[in-house]
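J.: For reference, the sequence and a predicted model appear below.
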Amino acid sequence: MKRRMRLLLATATGVAVLVGGAGLSSASASVSRAAYVAADDITNVSVGNAYVPADKEIEVSFSFALANPLGPGTGPTTDADKVTITAADITPAGKSAKAVTTSVNYPAHVTGESTAPRPASASGTGKFTISKDDPAGDWTLRLQTSRGNTSTFTVKVAGKQGITGASVTPNPVNLVKGQEVKVTVQAAVKDATLVSAKMVSDTTSEYYDLGSLELATDGYYTGTVYFTDDSAPGDWTLEISASRGGETLKGVGSFSVNAPEGGASKKSKSKITLSAPNKAKLGKTFKIYGKVYRGTKAYKGKVVEVYFKKKGTKSYKFMGFAKATSTGKYTKTVKQKYDGYWRTKVPATSKTHSSWSAQEFVDVK
């Protein structure tokens, strides 16, 4: 059953501020390379991550190339020959133009009696701002040079990101003595680059960290976790975090957990953490690592299982083992060919529950 969510914004100070209600939507837009339209003084414009923020003003950078920055032809040059940006602005759809700042990295002057061609181009950068009240869609960037030429470009600005819904299945979660219950989280999120989830008991300090959720072919972000029979019964909170640039939205919803018939088994809890780099080079090794616990203490010498799932596939593949040290820490050297997700698992014993780490996504470059 889908639960309505409260949309929260995690500010730079970490304080959560209510900014909207259930069903808040965001315009579906994307950042694209600017399309060159007019004169050829300015070319190769590339715009950074341009989007409408939820509650603050962001600064967007772009780069460009300036043709013949010291003038055309050959021979020595002076500052008087420099081609400058004399005017720059960007206009949101239906609104007034906003200021743009620019800077050009000029090449060294040609000196002496040289007859070599003057530099053909120079690199430049610029910046403009987008506020929460600005519209998404096509913005027009205008750059004018001292040669009198004006170049215009179309910059696509994405809409506000939003968490529009989430669900926990099954709900309620009915615990089973001696078994683990698979629980699936599904979230509807727009215009985010990273989505993660955490499930927290309302009455105890217990939680399950799902880590990065995967964007499925149906457009929903999904993740799974396994509840042991001694999980805290009662009300729980699902926390969905969606990030883009320096902005993080947080949606929360409620679900419930029912105690197992006959009570919980006498097994101890286990817990395992996992850290992995955000990016890795194709075919190059890197390390994943974490710590294993039995109860609240380090699980000394425990052998854990390592799994990988290629992005877009349904199943994890076993990738080997890693052994914990006397302090519970483990490390494994791995490599991958494709973008995908890593997880580690503590196998169950007759006295200890199994557990899974959060899911960690690694992007291959």
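T.: Right, received. Where do you want to start?
J.: Please count neighbours and contacts with C-alpha atoms only from this point.
T.: Will do.
J.: OK, contacts around the nearest residue to Ser63 once chain neighbours are set aside?
T.: With Cα to Cα, 6 or more residues apart in numbering as the criterion, Ser63 has its nearest non-adjacent residue at 4.3 Å, and that residue is Thr125. Residues near Thr125 by Cα atoms under 8 Å, 6 or more residues apart in numbering: Ser61, Phe62, Ser63, Phe64, Thr102, Ser103, Val104.
J.: Which entries within those residues meet the buried criterion?
T.: Ser61, Phe62, Ser63, Phe64, Thr102, Val104 (16 or more other Cα atoms under 10 Å).
J.: Could you export those residues as a markdown table, including pLDDT and distance to Ala88?
T.: Formatted as a markdown table, these follow (pLDDT from 0 to 100; distance: Cα to Cα, whole Å):
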| residue | pLDDT | distance to Ala88 |
| --- | --- | --- |
| Ser61 | 96 | 14 |
| Phe62 | 97 | 13 |
| Ser63 | 96 | 13 |
| Phe64 | 97 | 13 |
| Thr102 | 97 | 8 |
| Val104 | 97 | 13 |
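J.: Tell me the one among those nearest to Val173.
T.: Ser61 (47.0 Å; Cα to Cα).
J.: Surely that closest one touches Tyr51?
T.: No. Applying Cα atoms under 8 Å as the test, Ser61 and Tyr51 come out as separate, 11.9 Å apart.
J.: Give the rounded mean pLDDT of stretch 200-217.
T.: Averaging pLDDT along stretch 200-217 gives 94.
J.: now do stretch 172-189
T.: According to the model, stretch 172-189 has a mean pLDDT of 95.
J.: Could you list the residues in contact with it?
T.: 161-170, 195, 219-229, 231, 240, 242, 255-265.
J.: in it, what's buried?
T.: Using 16+ other Cα under 10 Å as the test for burial, stretch 172-189 gives 172-181, 183-189.
J.: show me where pLDDT drops low in this structure?
T.: 1-39 (pLDDT under 70).
J.: Which residue of it lies farthest from its centroid?
T.: Glu113 (54.2 Å; Cα atoms, centre = their mean).
J.: what's that residue in contact with, if anything?
T.: Gly75, Pro76.
J.: quick one, what contacts the residue sitting nearest the centre point of the chain?
T.: Centroid-nearest residue in the chain: Leu194, 2.9 Å away (criterion: Cα atoms, centre = their mean). Neighbour list for Leu194: Ser212, Leu213, Ala242, Ser243, Arg244 [criterion: Cα under 8 Å, 6+ apart].
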